[in-house]
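J.: here's a sequence, model it:
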Amino acid sequence: MVGRMRSPYRPCRVATSPSDLCRRGTSRYGPSHVVRRPILLLLLAVGLAVAQAPGGDGWKRVDEEHGIVVDARDVPGSSLHEVRASIHSELPPETIAAVVWRYEEHDRFVPRLEHVEVVRDVGPDERIVYEQLALPLLKDRDVVLRARRETAADGTIDIRTTAIDGEGPPATSRFVRVQTSAGHWHLAPAAGGTDVTYDIRTDVAGSVPAWIVNRAQREAVPDLVKAMLDRARVAR
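T.: Numbers count the residues shown, from 1 in each chain. Next up is the predicted model:
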C-alpha cells in the first residue's frame with residue numbers, strides 16, 4: 001500500500017545534521033522559516049550519501065525510526081527507490097498478519113489513509129482492496145490493490161499487494177489513480193516473536209519529483225509498520 005507522505009514544507013531550524021531540510025514557502029500547517037542550506041546538505045538529505053547495508057543486494061541503510069531499520073535501493077529503469085523496513089516484534093506472525101489482512105479497518109489507524117474498502121474476496125487468501133489517500137500539498141490519490149496471503153509450513157506468513165486495473169471503482173478527476181505499487185509483508189517466526197519486514201515499490205503518479213517521493217517513502221514506511229504493530233498489540 002501507499003503510505004503517508006509528509007510535507008517537505010515543514011518548519012526548519014538551524015541545520016545540525018544532514019537530515020535537516022526545509023523549503024521556502026508556506027504549508028497548509030503554517031509558515032515555514034526560511035533558512036539557507038548548502039547544496040551538500042540537500043544532497044545528503046535526499047539520500048545521495050548513505051551507508052551500504054550488509055548483504056551486497058543493493059540495499060542501503062537510510063534511517064532508523066521507532067526502532068525500525070529503514071533501507072532503500074535503486075530500481076532498474078526508475079528514479080524511484082524500493083524501501084524496506086524491518087524490526088523484531090514480540091508478537092506472533094499470525095497476530096500481525098491478522099491486522100494486516102483486515103484491510104477494512106486500516107483507515108481507523110493508518111496515517112493518511114482516508115478510506116478503504118474490500119471490493120471483493122476472491123478466496124480465503126486473496127482479496128481486492130480499494131484505498132483513498134490524502135497527501136499534503138498534493139492532489140489525493142487512490143489505488144486498487146490485489147492482496148494475496150501465503151502461509152508456509154514453518155509458520156512464516158507473506159502478504160503481497162499489487163496495484164491492478166479493471167477492478168474496483170473507476171478512476172475519477174477527484175483522485176490521481178496510482179498505477180504502480182507492489183508491497184510485501186514478510187512475517188517470520190523468530191526468538192519467541194516475529195522478524196517483521198515490509199518493503200514497497202510505488203509511484204504516486206502525477207508530476208511529483210522523484211526525490212520528494214523517495215524521501216516521503218523513507219518516512220512513511222516505518223510509520224506504517226509501527227501503526228500495524230501498535231494495532232496488533234491492542235488487538236491480541
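J.: restrict whichever strand or helix holds Glu117 to CA atoms and write it as CSV.
T.: Using DSSP states H and E, Glu117 maps to strand 113-123. What follows is strand 113-123 as a C-alpha-only set of coordinates in CSV (Å, rounded to 0.1, in the frame of the first residue of the first chain):
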residue,chain,number,x,y,z
LEU,A,113,-5.4,6.6,4.7
GLU,A,114,-8.8,8.4,4.3
HIS,A,115,-11.0,5.5,3.1
VAL,A,116,-10.6,1.8,2.4
GLU,A,117,-13.0,-0.9,1.3
VAL,A,118,-12.7,-4.5,0.4
VAL,A,119,-14.1,-4.7,-3.1
ARG,A,120,-14.4,-8.5,-3.1
ASP,A,121,-12.9,-11.6,-1.7
VAL,A,122,-11.5,-13.8,-4.4
GLY,A,123,-10.9,-16.6,-1.9
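J.: list of residues touching the helix or strand following that strand?
T.: Sequence order places strand 126-133 as the next helix or strand after strand 113-123, per DSSP H and E. If you take CB atoms under 8 Å, 6 or more residues apart in numbering as the criterion, strand 126-133 is touched by 1-2, 103, 106, 112-122, 140-149, 161, 164, 167-169, 175. (C-beta placed from N, C-alpha, C; glycine too.)
J.: among these, name the buried ones.
T.: Buried members of these, scored by 16 or more other CB atoms under 10 Å, are 1-2, 103, 106, 112-113, 116, 119, 141-147, 149, 161, 168, 175.
J.: which other residues reach the one helix or strand Ala147 maps to?
T.: Assigned by DSSP H and E, Ala147 belongs to strand 141-151. For strand 141-151, contacts defined as CB under 8 Å, 6+ apart pick out 1-2, 97, 101, 103, 119, 122, 125-133, 135, 157-165, 167-169, 171, 175-178, 181, 204-205.
J.: from those, which land in helices?
T.: Judged by DSSP state H, the contacts of strand 141-151 include 97, 101 as members of helices.
J.: tell me the SS of the spatially most central residue of the chain?
T.: Note on the chain: the residue nearest the mean C-alpha position is Val221, at 3.3 Å, using CA atoms, centre = their mean. The three-state label given to Val221 by DSSP: H, G, I helix; E, B strand; the rest coil is helix.
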